[in-house]
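Novice: coordinates for the following, if possible.
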Amino acid sequence: MAITVEEKFDSRTLADGNNAAAELTYLIDGTDDDIAARAALAATAPATHDGLVIESVEVEYYAEDRWVGTARYQRLENQDPEPPETGDSTYSFDTSGGTQHITQSIANVGRYAPAGKTAPDFKGAIGVTHNSVEGVDITVPVFSFSETHYIADAAVTQAYKAALFSLTGKVNNGAFRGCAAGECLFLGASGSKRGAGDWEITFRFAASPNRTNFQVGDITVASKKGWEYMWVRYADAEDAAAKAIVKRPTAVYIEKVYDEGNFTALGI
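Specialist: Just a heads-up that it's a prediction; the model follows:
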């Protein structure tokens, strides 16, 4: 009796979502010998499947003269995908944010005191002591992202490298990657040449949103760009309701700490 090997109709199910491994399943009829069944499966299963190579074949007894066979495929360790070509790009991002020490809340949402007493109103100052405002560390929105570009060797001149160096630590002076002027900080670039060919260069950025017309205590701040630094001055004031001397914001300062740059010079 001839041995037949037929792929099951529900055979082709990927083992993972990255196409790094797969299994094909078969029904093998016509033999009670597992060695013969395995040999027939090995002769029938394709050597490659969906860019993967066959790793092993196995058979399992199902019924008289019938076996269920499995052909397993995987990506070889040295089977790398096609390398990117000149002009290709890859992108990654991280929204985990950054840490900032603040002394002022967005709003005070509760003040409590013993019965018959009034809690002093510090106008949002955080951690007020007799002599200072201690503040607190919080997570603030920071959108970090990087881009890897494969740039022709002729374009990566000494002048281009100097431009990357010059723009490092600068914020965008115009719209860039969906960020308004002042929101994107260039953290620098790193690159390496691929043999005698092009350059693989990774550019790193961080974005922080601009703000307009927000309150700090009783003070309205007209605008603050994403990478400008804000600090608050406090002074003693009388809280008549609480019959106490309190620390309250008396001035808000917005400081420019990064120069602007034209990010078109990045060439990406």
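Novice: in contact with the spatially most central residue of the chain, which residues?
Specialist: Taking CA atoms, centre = their mean as the criterion, D94 is the residue nearest the geometric centre of the chain, at 2.3 Å. Counting by CB atoms under 8 Å, 6 or more residues apart in numbering, D94 touches 143-145. The way it works is simple: take the backbone N, C-alpha and C, and place the C-beta from them, glycine included.
Novice: ok, for D10, nearest residue in space, not its chain neighbours?
Specialist: T25 (7.7 Å; CB to CB, 6 or more residues apart in numbering).
Novice: one more: A113?
Specialist: Nearest residue to A113 in three dimensions, chain neighbours excluded: A119, at 4.0 Å (CB to CB, 6+ apart).
Novice: pretty sure that neighbour contacts D239?
Specialist: No. With contact defined as CB atoms under 8 Å, A119 does not reach D239; the gap is 9.1 Å.
Novice: show me the shaky parts of this structure.
Specialist: Segments of the chain classed as low confidence (criterion: pLDDT under 70) are 1, 11-19, 77-81, 97.
Novice: returning to that earlier point: tell me the spacing between the residue nearest to the centre of the chain and E55.
Specialist: 35 Å (CB to CB, to the nearest Å).
Novice: likewise for Y91?
Specialist: 33 Å.
Novice: out of these two, which sits in the busier spot?
Specialist: E55 (14 against 10; other CB atoms under 10 Å).
Novice: which residues touch that one?
Specialist: Contacts for E55 (CB under 8 Å, 6+ apart) come out as 72-74.
Novice: of those, which is the most crowded?
Specialist: Result: Y73 is most packed of the contacts of E55 (other CB under 10 Å), 24 neighbours.
Novice: so that one, which of the three states?
Specialist: When classified by DSSP: H, G, I helix; E, B strand; the rest coil, Y73 comes out as strand.
Novice: okay, buried residues for stretch 29-47 please.
Specialist: Going by neighbour count (16 or more other CB atoms under 10 Å), the buried part of stretch 29-47 is 29, 31, 37-38, 40-42, 44-45.
Novice: actually, stretch 134-152.
Specialist: Neighbour-count burial for stretch 134-152, with 16+ other CB under 10 Å as criterion, is recorded at 135, 142-151.
Novice: do stretch 114-123 as well
Specialist: By 16+ other CB under 10 Å, the buried positions in stretch 114-123 come out as 120-123.
Novice: dump these into JSON lines; add distance to G188 as well.
Specialist: Shown next, in JSON lines, are the buried residues of stretch 114-123 (distance: CB to CB, whole Å):
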{"residue": "P120", "distance to G188": "46"}
{"residue": "D121", "distance to G188": "45"}
{"residue": "F122", "distance to G188": "40"}
{"residue": "K123", "distance to G188": "40"}
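Novice: neighbouring strands - and their directions - for the helix or strand that contains the residue nearest to D10?
Specialist: Following DSSP states H and E, one finds T25 within strand 21-29. Next to strand 21-29 in the sheet, as set by DSSP bridges, lie strand 4-7 (antiparallel), strand 13-14 (antiparallel), strand 66-74 (antiparallel).
Novice: in that strand, what counts as buried?
Specialist: 22-26, 28-29.
Novice: hang on, the earlier thing: would you mind giving the contacts of E55 as CSV with distance to A244 added?
Specialist: Formatted as CSV, these follow (distance: CB to CB, whole Å):
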residue, distance to A244
R72, 75
Y73, 75
Q74, 72
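Novice: alpha carbons only: can I get stretch 104-114 in PDB?
Specialist: What follows is stretch 104-114, C-alpha atoms only, in PDB (Å, rounded to 0.1, in the frame of the first residue of the first chain):
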ATOM      1  CA  GLN A 104       3.500  75.100  42.100                       C
ATOM      2  CA  SER A 105       0.400  72.900  41.500                       C
ATOM      3  CA  ILE A 106      -2.000  73.300  38.600                       C
ATOM      4  CA  ALA A 107      -4.700  73.900  41.200                       C
ATOM      5  CA  ASN A 108      -5.400  73.300  44.800                       C
ATOM      6  CA  VAL A 109      -8.300  71.000  45.100                       C
ATOM      7  CA  GLY A 110      -8.700  70.700  48.900                       C
ATOM      8  CA  ARG A 111      -7.700  72.500  52.100                       C
ATOM      9  CA  TYR A 112      -8.500  71.100  55.600                       C
ATOM     10  CA  ALA A 113      -8.100  72.400  59.100                       C
ATOM     11  CA  PRO A 114      -9.400  71.500  62.600                       C
END
